[in-house]
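Enquirer: I'll drop the sequence and a predicted model, then ask my questions.
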Amino acid sequence: MTTNYLTELDRFSQKYILRGTNRFTKEDKMLFLHKFDAAKASVFESLLLHETTNFRVTGENIPLNILIVEAGIKGLEELIEQNGLAFTHWTNDVMSFVNPIEGVIPISPAKYNSKTHTDPEESISSALNMLADQPNKRDKRLIIRKTRDLYSYPPDDLATDAVTLATSAFNSNKFHALGLDSTKCEITNLSAHQVSLLAECCNELLQYKFLASSKFTTSDSTFTHKIFLDCTQKIKNSDISEAFSKILILENFPKTQDIYQYTDSPIRKSIKLRNNKNVIRFRTWLHEALTQHEIEEITKAYLDAITSKKGFLASNTGKFTKTVFMASAGALVGAALGPIGMAAGGVVGSLLAPAGDLAFDLVDEYYLSNLLSGWSPRMVFDDLRSLGIRIEPTLDS
């Protein structure tokens, strides 16, 4: 069972909705809709490709609000019933000094302790109160009751450990490639820019330590510094997203972002679609394929899976079914001829076996095989087409 950890909606809400002292730049305003759609598209993809999506929540549960707006309360309930939803109530942070103090390490662990940061019910109710279309009291109670137990918390000492690791990494010159050279400057005597960079590195270590300890994966662009790329490959789940993208290209199908953009109510539909048997089996197949193959080999693994699958009619049981089918056809002929024809019907059935190979091979291909053939990962595309995507797939998609 894979759990995909998403922070993008939380980061978006902290920047644009729970603004605090943040001020919008002209670029922020221009990118607002693009970032919002990108965050929701990542949710859409995660719901399809993972058993559970775990949202980071800092304070008010804005990701929950967005799910309610996009999928409705019934959609939310359906996702919960599928065990597809979870929240991490984020309480850890790394604080950096705006004005560095000489002789003092400029980063420090911090912990949120307000009620919205520590009490799931307060986190949920305070978020629901921010909705423009307010749920009635009964629905609010229902939402709180069904989502409060989906909360979990990171370890208390996580931020402290991250600061210790970052300090050690700086002193051993691991951040040299990022412009933090410990042979040229002391950690207690950094410029404001260097302190900001050190805090970024520490926060990435904080996220890495949490993901590794939780055994979560992530499709977020959480890690921005190249120094972390090698050590995060085991927990960074971009492989699943990238593998799916390669298969979409192979099938001449639109990209995930385009599927999201050109589908009506995409998140609502993805909640229903993710529970279809073909989608469930595809998730399992993709996860297993990536444990057995490198990402560069995923298209070959997919082609092997869709071309070498053994159809039911090629198996011993399938051959028996085919024989019974032809015998039944003979019996039907006999019944149509009446009592005298019953004996003839058996003869017809036996004659159909050698003489009617071509005819029954066509039936196998166009009728029986569809009902009895082995499963193929390609079958997931029939389900994806049911979304009603409003664009034609192109080679550029």
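Expert: It's in.
Enquirer: strands of the chain, residue ranges please.
Expert: 3-6, 52-57, 85-89, 92-96, 107-111, 151-152 (DSSP state E).
Enquirer: and the first one, how far from the chain's centre?
Expert: Meaning strand 3-6. Offset of strand 3-6 from its chain centre (Cα atoms, centre = their mean, to the nearest Å): 7 Å.
Enquirer: for that strand, name the packing helices and strands.
Expert: helix 26-49, strand 52-57, helix 192-214 (3 or more Cβ pairs under 8 Å, 6 or more residues apart in numbering; DSSP states H and E). Heads up, the C-betas are built off the backbone N, CA and C, glycines and all.
Enquirer: mind checking the strands of the chain for the one nearest to residue 378?
Expert: strand 3-6 (23.3 Å; Cβ to Cβ).
Enquirer: could the C-alpha coordinates of that closest one be exported in PDB?
Expert: Written as PDB, here are the backbone C-alpha positions of strand 3-6 (Å, rounded to 0.1, in the frame of the first residue of the first chain):
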ATOM      1  CA  THR A   3       0.900   6.600   0.700                       C
ATOM      2  CA  ASN A   4       1.700   9.700  -1.300                       C
ATOM      3  CA  TYR A   5       2.500  12.800   0.800                       C
ATOM      4  CA  LEU A   6       1.500  16.100  -0.700                       C
END
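Enquirer: could you dump the helices and strands packed on strand 3-6 to a markdown table with mean pLDDT and distance to residue 126?
Expert: Output for those, formatted as a markdown table (pLDDT from 0 to 100; distance: least, Cβ to Cβ, whole Å):
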| stretch | mean pLDDT | distance to residue 126 |
| --- | --- | --- |
| helix 26-49 | 92 | 21 |
| strand 52-57 | 97 | 11 |
| helix 192-214 | 88 | 24 |
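Enquirer: nearest to residue 95, out of those?
Expert: Short answer: helix 192-214, nearest of the helices and strands packed on strand 3-6 by Cβ to Cβ, at 8.0 Å.
Enquirer: list the helices and strands the closest one packs on?
Expert: On a contact count with 3+ Cβ pairs under 8 Å, 6+ apart, helix 192-214 meets strand 3-6, strand 92-96, strand 107-111, helix 158-171.
Enquirer: mind doing that once more with 6 Å?
Expert: Applying 3 or more Cβ pairs under 6 Å, 6 or more residues apart in numbering; DSSP states H and E, we find helix 192-214 packed against strand 92-96, strand 107-111, helix 158-171.
Enquirer: now mean neighbour count, distance to residue 282 and mean pLDDT too, for the ones you listed, in TSV please.
Expert: Listed next are these as TSV, based on neighbours: other Cβ atoms under 10 Å; distance: least, Cβ to Cβ, whole Å; pLDDT from 0 to 100:
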stretch	mean neighbour count	distance to residue 282	mean pLDDT
strand 92-96	20	35	91
strand 107-111	18	41	93
helix 158-171	19	34	93
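Enquirer: out of those, which comes closest to residue 23?
Expert: Nearest of the helices and strands packed on helix 192-214 to residue 23, taken as Cβ to Cβ: strand 92-96 at 18.9 Å.
Enquirer: only C-alpha atoms, please: export the closest one in CSV.
Expert: C-alpha atoms of strand 92-96 as CSV (Å, rounded to 0.1, in the frame of the first residue of the first chain):
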residue,chain,number,x,y,z
ASN,A,92,7.6,21.3,13.3
ASP,A,93,9.5,24.2,11.8
VAL,A,94,13.0,25.7,11.6
MET,A,95,13.4,29.3,12.6
SER,A,96,16.2,31.5,11.3
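Enquirer: ok, residue 163 - contacts?
Expert: Each residue near residue 163 by Cβ atoms under 6 Å, 6 or more residues apart in numbering is listed here: 107, 109.
Enquirer: cutoff 8 Å now
Expert: 94, 105, 107-109, 202 (Cβ atoms under 8 Å, 6 or more residues apart in numbering).
Enquirer: ok, now residue 292?
Expert: residue 301.
Enquirer: state the pLDDT value of it.
Expert: Looking at residue 292, its pLDDT is 90.
Enquirer: contacting residues around stretch 271-281?
Expert: 47-48, 71, 75, 78-79, 82, 84, 375, 377, 379-380, 382-384, 386-387.
Enquirer: measure it end to end?
Expert: Length of stretch 271-281, first residue to last, Cα to Cα, to the nearest Å: 16 Å.
Enquirer: before we move on, back to that, would you list the helices and strands packed on helix 192-214 in a markdown table and tack on distance to residue 63?
Expert: Listed next are these as a markdown table, based on distance: least, Cβ to Cβ, whole Å:
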| stretch | distance to residue 63 |
| --- | --- |
| strand 92-96 | 18 |
| strand 107-111 | 21 |
| helix 158-171 | 20 |
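Enquirer: so which of those gets nearest residue 59?
Expert: strand 92-96 (11.5 Å).
Enquirer: from the chain's centroid, how far away is that closest one?
Expert: For strand 92-96, the distance to the chain centre is 28 Å (Cα atoms, centre = their mean).
Enquirer: over to stretch 202-222?
Expert: 15 Å.
Enquirer: for that stretch, C-alpha coordinates in PDB please.
Expert: What follows is stretch 202-222, C-alpha atoms only, in PDB (Å, rounded to 0.1, in the frame of the first residue of the first chain):
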ATOM      1  CA  CYS A 202      17.500  22.500   7.100                       C
ATOM      2  CA  ASN A 203      13.900  22.500   6.100                       C
ATOM      3  CA  GLU A 204      14.600  20.000   3.300                       C
ATOM      4  CA  LEU A 205      16.400  17.800   5.800                       C
ATOM      5  CA  LEU A 206      13.300  18.100   8.000                       C
ATOM      6  CA  GLN A 207      11.000  17.000   5.200                       C
ATOM      7  CA  TYR A 208      13.400  14.200   4.200                       C
ATOM      8  CA  LYS A 209      13.700  12.800   7.700                       C
ATOM      9  CA  PHE A 210       9.900  12.900   8.100                       C
ATOM     10  CA  LEU A 211       9.300  11.100   4.800                       C
ATOM     11  CA  ALA A 212      11.900   8.500   5.500                       C
ATOM     12  CA  SER A 213      10.700   7.800   9.000                       C
ATOM     13  CA  SER A 214       7.100   7.600   7.900                       C
ATOM     14  CA  LYS A 215       7.900   5.400   4.800                       C
ATOM     15  CA  PHE A 216       5.900   7.800   2.700                       C
ATOM     16  CA  THR A 217       6.600   8.700  -0.900                       C
ATOM     17  CA  THR A 218       6.000  12.100  -2.500                       C
ATOM     18  CA  SER A 219       5.400  13.500  -6.000                       C
ATOM     19  CA  ASP A 220       5.900  17.000  -4.700                       C
ATOM     20  CA  SER A 221       8.800  19.200  -5.900                       C
ATOM     21  CA  THR A 222       9.800  19.300  -2.200                       C
END
